[in-house]
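K.L.:
Output the structure for:
(one chain, ligands or ions: 1)
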Amino acid sequence: MSIIDVIKNRRTIKAFKPDPIDEHQLLSWLEAASYAPNHKMTEPWEIVFIGPQTRAKLNHKTDFGGAPVVFAVISKQGLTPFQRDENVMASSCFVQNFLLSAHEAGVGVYWESMGAKPHNREMMNVPEDYDVIGVMGVGYPANDPAVKPRTPMAAKISYLS
Ligand SMILES: Cc1cc2nc3c(=O)[nH]c(=O)nc-3n(C[C@H](O)[C@H](O)[C@H](O)COP(=O)(O)O)c2cc1C
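P.N.:
Alright, predicted model coming up:
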């Protein structure tokens with residue numbers, strides 16, 4: 001697959017087979033993800049693997065679609081509001097790199113926002129000076145959802161003199 005095919009064919013997966021994910025492969029996708037751009041090399045992302053007890057406490061509506069692996073991506077805030085924003089942007093690039101690396105290997109990801117809620121932050125022991133970028137369910141897709149079409153970029157491009 002070309003990188004453009006990987007980008008265009010990735011989709012959010014919400015139902016997973018129980019098949020386990022190889023730990024070394026998973027780490028290799030996280031290592032690849034860490035090559036994301038990040039201003040001043042803050043490398044703000046950190047991964048928190050969610051074990052069965054914490055997963056049960058999070059009480060997700062579909063239990064992350066039965067994903068065999070669940071982890072949170074958290075992002076260190078930095079020294080200023082500007083750096084906090086930039087760190088969230090860098091951590092989002094990290095996540096996209098991870099999504100694409102996993103997708104290339106036939107593995108799907110469910111990106112859940114619930115981790116940002118105060119109650120769920122508490123369940124995951126997220127330190128005060130970190131943002132939660134998402135809670136990710138990772139596994140082999142149980143189905144093959146259609147790619148959602150995008151607005152042509154011509155509608156979103158403007159030019160300044
Ligand atoms: C920051 C962020 C948060 C998201 N949170 C959720 C979520 O809480 N629940 C959910 O079902 N999907 C969530 N998604 C996935 C989007 O719904 C999904 O990317 C979008 O529908 C486009 O579909 P695609 O990823 O298959 O292209 C999130 C995506 C991003 C980037």
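
K.L.:
I'd like the distance between the closest residue to residue 37 other than its chain neighbours and the ligand.
P.N.:
Spatial nearest neighbour of residue 37, excluding adjacent residues (CB to CB, 6 or more residues apart in numbering): residue 93 at 5.7 Å. C-beta here means a position set from N, CA and C on the backbone, and glycine is covered the same way. Note on residue 93: its distance to the ligand, by CB to the nearest ligand atom, to the nearest Å, is 11 Å.

K.L.:
Just the buried residues of the host helix or strand of residue 93, please?
P.N.:
Using DSSP states H and E, residue 93 falls within helix 81-104. Within helix 81-104, the residues scored as buried using 16 or more other CB atoms under 10 Å are 83-84, 86-95, 97-104.

K.L.:
Which residues does it contact?
P.N.:
Identification of contacts with helix 81-104 by CB atoms under 8 Å, 6 or more residues apart in numbering yields 1, 3, 6-7, 9-10, 28-30, 32-40, 42-45, 73-78, 108-109, 111, 131, 133-134, 136, 138.

K.L.:
of these, list those near the ligand.
P.N.:
111, 134 (CB under 6 Å from any ligand atom).

K.L.:
per-residue confidence for the residue most central in space within the chain?
P.N.:
For the chain, the residue nearest the mean C-alpha position is residue 95 (4.1 Å; CA atoms, centre = their mean). Note for residue 95: predicted pLDDT of 99.

K.L.:
Ok, residue 1 next?
P.N.:
pLDDT at residue 1 comes out at 87.

K.L.:
Contacts only, for it.
P.N.:
Going by CB under 8 Å, 6+ apart, residue 1 touches 9, 104.

K.L.:
What's the separation between it and the ligand?
P.N.:
From residue 1 over to the ligand the distance is 16 Å, taken as CB to the nearest ligand atom.

K.L.:
and the longest strand seen in the chain, which strands flank it?
P.N.:
For the chain, the strand with the greatest residue count under DSSP state E is strand 130-139. The sheet places strand 130-139 alongside strand 69-76 (antiparallel), strand 108-112 (antiparallel), with pairing taken from DSSP bridges.

K.L.:
Dump those to JSON lines, plus mean neighbour count.
P.N.:
Putting these into JSON lines (neighbours: other CB atoms under 10 Å) gives the following:
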{"stretch": "strand 69-76", "mean neighbour count": "22"}
{"stretch": "strand 108-112", "mean neighbour count": "23"}
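
K.L.:
Turn the ones you listed into JSON lines, including mean pLDDT.
P.N.:
Formatted as JSON lines, the strands paired with strand 130-139 follow (pLDDT from 0 to 100):
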{"stretch": "strand 69-76", "mean pLDDT": "98"}
{"stretch": "strand 108-112", "mean pLDDT": "98"}
